[in-house]
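J.: coords please:
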Amino acid sequence: MSGETSLEPTSPAQEPLAEPGRKQSTGEGRDWLGEQELAGTDDPSFASVSRHFPAMKHPREALGAKEGPQEFVVLPDGSLDLGGVKASFAIGTPPVSFGQGGCAKRLYQGCLPIVVAADAGNGLRCEETAFGWSPGLGPDTPLFALVRLTISNSVEESRTLGVQFVAPAPVCSWEVAVAGHGSRSVFVSVPFTKPSSATKIEVKEFEGRLAETADWWKKLLSGGIRIHVPEERVDQAWRAWLAYNFINVHKRGEVYEAHDGGGGVYEEVFGYSAARYCYALDLMGFPQEAGRYLNSLLTFVKPDGLLVVNYGLPDTGAALWAMGQHFQLTHDAEWLKGAAPTMIRMCDWIIAARKSALAGQTPDAPWRGLIKYRPYCDEHEPAYSFHTDTYLAMGMSGAAAALRGIGLAEPAERIAREAAAYRQEILRSMDRSVLEHEGVRMLPVFPETHALLKRVHYTGADYYSLVASMVLETDLIPGNDPRARLITDLLETKNGLCLGACAFQDGIDHAYSYGYWMNCLQRDEVRRVILGLYTSLAYGMSRDTYAGVEVTRLRTGKNEPTLPHLYSGTQQLLLLRNMLIREDGEQLRLGQAIPRPWLEGGKEVRVENAPTLFGPASYSIRSLDGARRMTIELEPPVQRPPERILVRLRHPEGRPISEVTINGARSQDFTQDTLMLAHLRHHATIGVKFD
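T.: Alright, predicted model coming up:
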């Protein structure tokens with residue numbers, strides 16, 4: 001949503017590819033493909049979800065150094081886009097471009113930002129390996145694209161081929177003799193700033209820099225939370241999301257700009273997305289980067305405290321929330337002391353804006369107490385928006401809690417009072433704004449104009465789906481609150497979802513579904529969340545290189561060029577993290593939404609060094625003896641121990657727990673599938689048997 005998209009009120013794609021115009025008779029507007037996935041006893045899977053529509057047709061990957069000011073893109077045909085200059089290999093006489101008939105791509109070692117593309121034909125298999133390298137692998141040295149082309153001969157006869165590297169005119173050429181059933185490689189180093197100066201390099205230089213780059217990224221990606229699940233696709237994808245997002249950060253002097261895209265698309269900072277990214281970095285165990293990027297985001301704050309960076313007024317609330325959470329997760333008092341004056345100024349802007357708004361509003365106005373402002377980047381006119389106000393109220397509340405933690409009692413209490421009053425006025429406004437259309441009660445996101453609902457004939461489609469889900473994301477209205485159910489019921493029954501993700505025009509915008517999925521976790525409807533994960537993997541990103549996109553047209557597989565998309569990577573990381581470990585008030589939930597196949601006999605799920613609001617936590621679940629028993633190793637958080645730790649064991653066959661031992665002692669604190677652990681302060685080895 002962080003950019004302009006033409007809006008035509010169309011129904012989302014809710015039908016199989018073979019019959020794109022058909023509606024299911026069981027309910028107009030329902031997510032019947034999603035309901036089909038949820039109808040059986042088995043959890044949705046990648047195989048079941050990915051069969052409905054074609055894969056993304058135009059994947060692209062951005063490669064470069066972490067936080068580097070440039071990155072190049074591997075285009076769908078394997079060619080490279082280096083700042084608008086297209087470069088590629090051409091093979092044979094006359095020369096034929098590598099990948100012109102289509103190529104398959106994967107990431108080196110499964111998850112690293114190194115792309116391996118393959119093309120085959122005429123008895124040859126060609127494989128291109130490309131990665132970004134800079135001296136020292138830092139952001140302050142020039143970027144080079146290093147590329148290898150390996151040609152393998154599948155026939156008996158040897159062949160001699162001309163090979164060129166063109167950028168866009170030929171700059172390097174080789175005569176390559178390939179023995180029967182043999183292979184040969186050529187190597188090139190391409191300066192990002194001047195691709196026409198590409199030079200040949202030797203195998204030793206290429207292999208050395210490839211190993212250096214791979215080792216550097218592996219070390220970085222293992223430095224935070226460590227997640228292992230027994231599904232290779234998921235196990236690789238979360239690391240790739242982290243890497244792409246780091247590449248989307250651009251260092252400009254001492255400022256780190258978290259851009260929403262890369263390679264010439266969405267090369268802007270969107271305040272809301274950047275703040276969400278910082279929050280995700282803290283939860284994924286990268287507090288130094290989170291603090292540094294938050295400091296950079298604060299450079300956009302105006303003297304009066306307003307933060308709007310290309311998106312809208314939710315920028316201010318999202319940044320306040322991220323800063324408050326940064327302190328709660330890291331307890332970095334020195335960082336917060338530096339940020340506190342700006343945070344207070346931002347809160348004071350909100351307080352003043354609300355005071356001004358109240359002065360011009362009648363006591364019975366449904367939007368009394370709300371702030372009228374441009375709500376987000378695709379909505380130009382100022383409007384009252386629950387997306388804006390819920391984020392501002394949540395941000396103030398989070399800021400107050402953090403400020404209280406460093407002894408700033410006066411501003412903390414003042415801001416907390418204002419945040420509480422703001423929340424009550426938002427809830428009152430929601431109650432006054434509920435409308436009924438053709439017998440269906442619904443909560444508008446824009447309480448004054450109902451604009452999002454009107455544009456889609458009072459359904460939950462398109463922008464209503466996206467923005468209403470973001471309202472749920474703020475957690476101002478909890479999962480089973482009737483106000484939240486007005487939103488989720490509309491999404492689920494009136495064109496708001498497809499395969500469990502937010503429906504947008506004739507496709508999905510999966511990343512904006514995060515608030516809906518978190519609401520489902522709160523309601524413990526975990527199969528809807530599992531469906532959302534696999535829909536994201538099947539349609540929200542490239543299936544083999546995991547580059548997230550903003551919008552995918554499902555029926556055709558056509559996707560926007562907005563990948564790898566920072567916001568998509570952010571929300572995907574948050575979704576997976578919360579499926580595996582999640583704060584729920586004063587409780588910590590472990591494994592709440594683990595897909596049942598991950599706990600089949602012989603498999604293991606591990607989450608290590610996970611930051612939580614209670615302190616770092618780690619656990620592993622090993623399934624043994626054909627899943628007749630499981631062993632859990634748990635390192636509980638001890639900085640501020642939760643009241644209870646709830647461990648969900650979703651048995652692959654749905655069997656109930658029959659016996660539990662904790663460090664050898666029998667326990668009766670369990671339900672059919674959940675262990676309830678209170679006052680745990682030390683490592684625990686837990687044995688579980690099933691009926």
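
J.: Residue 56 touches residue 549, doesn't it?
T.: Yes - under the criterion of CB atoms under 8 Å, residue 56 makes contact with residue 549 at 6.8 Å. (Each C-beta comes from the backbone N, C-alpha and C, glycine too.)

J.: So between these two, which is more surrounded?
T.: residue 549 (27 against 24; other CB atoms under 10 Å).

J.: Run through the residues that contact the more buried one.
T.: 56, 540-542, 559-560, 562-563, 565, 568 (CB atoms under 8 Å, 6 or more residues apart in numbering).

J.: if we take those, which one ends up nearest to residue 235?
T.: Among those, residue 541 lies closest to residue 235 (CB to CB), at 14.9 Å.

J.: Residue 147 against residue 195, yeah?
T.: No - judged on CB under 8 Å, residue 147 makes no contact with residue 195 at a distance of 10.9 Å.

J.: Neighbours of the residue lying closest to residue 377 once chain neighbours are set aside, how many?
T.: Closest residue in space to residue 377, ignoring its immediate chain neighbours: residue 311 at 5.0 Å, by CB to CB, 6 or more residues apart in numbering. Close neighbours of residue 311, defined as other CB under 10 Å, add up to 25.

J.: likewise the one 5 residues further on?
T.: The criterion is other CB under 10 Å. On that basis, residue 316 has 30 neighbouring residues.

J.: Likewise for residue 42?
T.: Here the number of neighbours of residue 42 (other CB under 10 Å) works out to 15.

J.: Can you list the buried residues in the helix ranked longest in the chain?
T.: Assignment by DSSP state H gives helix 333-359 as the longest helix of the chain. Of all the residues in helix 333-359, those buried under the rule 16 or more other CB atoms under 10 Å are 335-336, 339-340, 342-351, 353-354, 357.

J.: shared neighbours of residue 56 and residue 549, anything?
T.: Counting by CB under 8 Å, 6+ apart, the residues touching both residue 56 and residue 549 are 541-542, 559.

J.: thinking again about what came up before, now the common contact residues for residue 147 and residue 195.
T.: What both residue 147 and residue 195 touch, as defined by CB under 8 Å, 6+ apart, is the set residue 80.

J.: circling back to that earlier point, so which of the contacts of residue 549 sit within helices?
T.: Using DSSP H, the contacts of residue 549 in helices are residue 568.

J.: Confidence-wise, which of the contacts of residue 549 comes last?
T.: The member of the contacts of residue 549 with the lowest pLDDT is residue 560, at 86.

J.: Would you mind confirming that that residue is in contact with residue 540?
T.: No - applying CB under 8 Å, one finds residue 560 not in contact with residue 540, separated by 11.5 Å.

J.: ok, residue 80 to residue 215 distance?
T.: Note on residue 80: its distance to residue 215, by CB to CB, to the nearest Å, is 23 Å.

J.: More neighbours: which of those two?
T.: Just comparing residue 80 and residue 215: by other CB under 10 Å the higher neighbour count belongs to residue 80, 25 against 12.

J.: can you give me the helices for the stretch 251-400 of the chain?
T.: 271-283, 287-298, 314-330, 333-359, 386-405 (DSSP state H, counting those that start in this stretch).

J.: Any idea which of these gets closest to residue 679?
T.: Comparing the helices of the stretch 251-400 of the chain by CB to CB, helix 314-330 comes nearest, at 22.0 Å.

J.: what's that closest one packed up against?
T.: For helix 314-330, the packing partners by 3 or more CB pairs under 8 Å, 6 or more residues apart in numbering; DSSP states H and E come out as helix 271-283, helix 287-298, helix 333-359, helix 386-405.

J.: Need those in CSV (columns: mean pLDDT).
T.: Putting these into CSV (pLDDT from 0 to 100) gives the following:
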stretch, mean pLDDT
helix 271-283, 98
helix 287-298, 98
helix 333-359, 98
helix 386-405, 98
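
J.: which one of the ones you listed lies closest to residue 122?
T.: Of the helices and strands packed on helix 314-330, nearest to residue 122 by CB to CB is helix 271-283, at 44.9 Å.

J.: Show me what that closest one is packed up against.
T.: For helix 271-283, the elements it packs on are strand 255-258, helix 287-298, helix 314-330, helix 566-580, judged by 3+ CB pairs under 8 Å, 6+ apart.

J.: Would you convert the ones you listed into CSV that also reports distance to residue 681?
T.: Output for those, formatted as CSV (distance: least, CB to CB, whole Å):
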stretch, distance to residue 681
strand 255-258, 38
helix 287-298, 24
helix 314-330, 20
helix 566-580, 22
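
J.: returning to that earlier point: which among the helices of the stretch 251-400 of the chain is found nearest to residue 263?
T.: The nearest among the helices of the stretch 251-400 of the chain, by CB to CB, is helix 271-283 at 16.7 Å.

J.: Can you classify residue 48 as helix, strand or coil?
T.: Classification of residue 48 using DSSP: H, G, I helix; E, B strand; the rest coil returns helix.

J.: how close does residue 294 sit to residue 132?
T.: Separation of residue 294 from residue 132 (CB to CB) stands at 26 Å.

J.: so how far is residue 200 from the nearest residue in space to residue 395 that is not next to it in sequence?
T.: With CB to CB, 6+ apart as the criterion, residue 395 has its nearest non-adjacent residue at 3.0 Å, and that residue is residue 320. To residue 200, residue 320 is 53 Å away according to CB to CB.

J.: neighbour count winner among these two?
T.: A count of neighbours by other CB under 10 Å puts residue 320 above the other of residue 320 and residue 200, at 30 against 14.

J.: right, and the more buried one touches residue 399 too?
T.: Yes - with contact defined as CB under 8 Å, residue 320 reaches residue 399; the gap is 4.6 Å.

J.: who touches both of these two?
T.: Taking CB under 8 Å, 6+ apart as the contact rule, residue 320 and residue 399 both touch 343, 346-347.

J.: Turn those into TSV, including distance to residue 114.
T.: Conversion of these to TSV gives the following (distance: CB to CB, whole Å):
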residue	distance to residue 114
343	39
346	40
347	44
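
J.: ok, so of those, who is nearest residue 577?
T.: When the shared contacts of residue 320 and residue 399 are compared for distance to residue 577 (CB to CB), residue 343 wins out at 24.9 Å.
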